[in-house]
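**Student:** Sequence first, then the predicted structure, then my questions.
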Amino acid sequence: MIIVLKPEATKKEIKHVEDKIRQLGLKPMLSVGKERTIIGVIGEEDKARIQPFEAFPGVESVMPIQKPYKFVSREFKKENSVIKLGPGVEIGGEKVVVMAGPCTVENRERLLRIAGVVKKSGAKVLRGGAFKPRTSPYSFQGLKDKGMKFLFEAKKAIGLPIVTELMDPRDLPLFLKYADIIQIGARNMQNFELLKEVGKTKKPVLLKRGMASTIKDFLLSAEYVISEGNHNCILCERGIRTFEDSTRFTLDISAVPVIKKLSHLPVVIDPSHCSGIWEYVAPLAKAAVAVGADGLLIEVHDDPEQALCDGPQALKPGKFDRLMTELRQIAKAVGRAI
Ligand code: PEP
Ligand code: MN
C-alpha cells in the first residue's frame, strides 16, 4: 500500500504516520518525489488495512498497489528514476549511457588499453568481470581480487567509472571499495540472499535478467534490492532462452517498453550476451537505442581471437567506434543523446 501525503504535510505528521506503520510491525519507506511525497508500506498489506490512515493529519489518500512488486512499480513512482554515478554520468536521464569493455579482466595492460579506446569512442562506464560465472568449472574463472585492483587502476588512469559482477556476498566489501556499479549476473538474478545484501548498500546495482525469467520475476528481483533500501537499481535485458538457436539467447526487445510502462527504473540492453555473435551486436544495439533503452552494455576486445572469454561476441575497437557514431544519430532521432 502507498500513503500519499498532502503537499503541506508537516514533518511531525509524517513521523506520526511512520511510527504507526512501525507499530503494526511493518516498515515505512518515504519517497520524496518532485510532484508528491509518499510513504510505501512494506510487509503484509492486510496488517496495514486495519489502520484508517486516511484519517491521519497530513494524509491525502491511501492506495493499494495491485502489482506483486511495489517499490519498482510506476504506481509507486511516476517519474523515471535517474541513477547518479558521479560527476556528469547518470543512467535513466536524457543521455543514453554506453558501458563497454572486455568480458573479463585478462591483464593490467590489456584492460588499460581497452579502457582508453572505449573512452575515446564515447563510452561512459568501463565494464569487465573479475569474478566470472562460467558454465564449466574448468574455464577461466577471472583474476578475482587482482582483477578488481586492475579495474580500479583503470578507473583512476582513464577516468571511467566501473561496472563489475559480484557473485558471492563475501566479496561485497571489495566491491564497495572498488566498483561504481555492482553487476548481478543473469545466473544470480534470483539469488535472493545476494540481492538482499546489495540492497542493504547504497551502491548502484545493475541487475541482469535471468535467461529464463519473465519480466514479472525480473521486477520482483529488483524489488528485493529496493525493499532493503537501495533505490539505485538499473535493469538489464540480456536475452532469454527461446526455441531459436541461431543466436545464443533471444533479445527480448519488447522488454524495454514493457518495463518502462510497469516500472520507473532505468533499462539497459546487453547486445553482446544476447546474441553471442559480434556481427549482430551493432544492429541490436541500434534497435535498443531506437526502442528507448537508457543504456547499453557492450563487450569490446582488441584481440578477440585470444580472448579468455566470449571472444566471438566481442567488437574490435574500430567497429565499436563506428557503432558509436551510428548510435549518436539514432539517439538524436529519438530525442536522446549519447
Ligand atoms: C557479463 O555481463 O559478464 C555476463 C556474464 O553476463 P550475463 O550474466 O548476462 O550472462
Ligand atoms: Mn561475457
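**Tutor:** Nice, I can see it. Because the structure is predicted, anything quoted here is derived from the model rather than measured. Ligands and ions are numbered 1, 2, ... in the order given.

**Student:** can you give me the mean pLDDT across stretch 223-237?
**Tutor:** Across stretch 223-237, pLDDT averages out at 95.

**Student:** Check stretch 123-135 too.
**Tutor:** pLDDT averaged over stretch 123-135 gives 97.

**Student:** right, is it up against ligand 1?
**Tutor:** Yes. Using C-beta under 6 Å from any ligand atom, stretch 123-135 comes into contact with ligand 1 via 129, 133. C-betas here are computed from N, CA, C, even on glycine.

**Student:** Return that stretch as CSV; C-alpha atoms alone will do.
**Tutor:** Output in CSV follows, covering the C-alpha atoms of stretch 123-135 (Å, rounded to 0.1, in the frame of the first residue of the first chain):
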residue,chain,number,x,y,z
ALA,A,123,31.8,5.1,-23.5
LYS,A,124,30.9,6.5,-20.1
VAL,A,125,31.4,3.3,-18.0
LEU,A,126,34.1,0.6,-18.2
ARG,A,127,32.8,-3.0,-17.9
GLY,A,128,34.9,-6.0,-17.1
GLY,A,129,34.4,-9.1,-14.9
ALA,A,130,37.0,-10.1,-12.3
PHE,A,131,34.8,-12.9,-10.9
LYS,A,132,33.4,-14.8,-13.8
PRO,A,133,30.3,-17.1,-13.7
ARG,A,134,31.5,-19.8,-16.1
THR,A,135,29.3,-22.8,-17.1
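
**Student:** show me the contacts for T104.
**Tutor:** By C-beta atoms under 8 Å, 6 or more residues apart in numbering, the contact set of T104 is 128-130, 132, 140, 142-143, 147, 308-310.

**Student:** What count of nearby residues applies to the residue in the stretch 201-338 of the chain positioned nearest to ligand 1?
**Tutor:** Distances from the stretch 201-338 of the chain to ligand 1, computed as C-beta to the nearest ligand atom, single out R238 as the nearest residue at 3.8 Å. For R238, the neighbour count with other C-beta atoms under 10 Å is 24.

**Student:** out of everything not next to it in sequence, what's closest to it?
**Tutor:** D270 (4.0 Å; C-beta to C-beta, 6 or more residues apart in numbering).

**Student:** how close does the one you found sit to L5?
**Tutor:** 38 Å (C-beta to C-beta, to the nearest Å).

**Student:** Just want to know which of these two has more residues nearby.
**Tutor:** Using other C-beta under 10 Å, the more surrounded residue of D270 and L5 is D270, with 30 against 21.

**Student:** can you give me how far the helix or strand hosting K156 is from the chain middle?
**Tutor:** Secondary structure assigned from DSSP states H and E places K156 in helix 145-158. Centroid separation for helix 145-158 versus its chain: 21 Å, with C-alpha atoms, centre = their mean, to the nearest Å.

**Student:** Buried residues, that helix. List them.
**Tutor:** 147-152, 154-155, 158 (16 or more other C-beta atoms under 10 Å).

**Student:** Kindly present the residues you listed as TSV, with separate columns for distance to ligand 1 and pLDDT.
**Tutor:** Listed next are those as TSV, based on distance: C-beta to the nearest ligand atom, whole Å; pLDDT from 0 to 100:
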residue	distance to ligand 1	pLDDT
G147	12	98
M148	14	98
K149	18	98
F150	16	98
L151	13	98
F152	18	98
A154	16	98
K155	17	97
I158	19	97
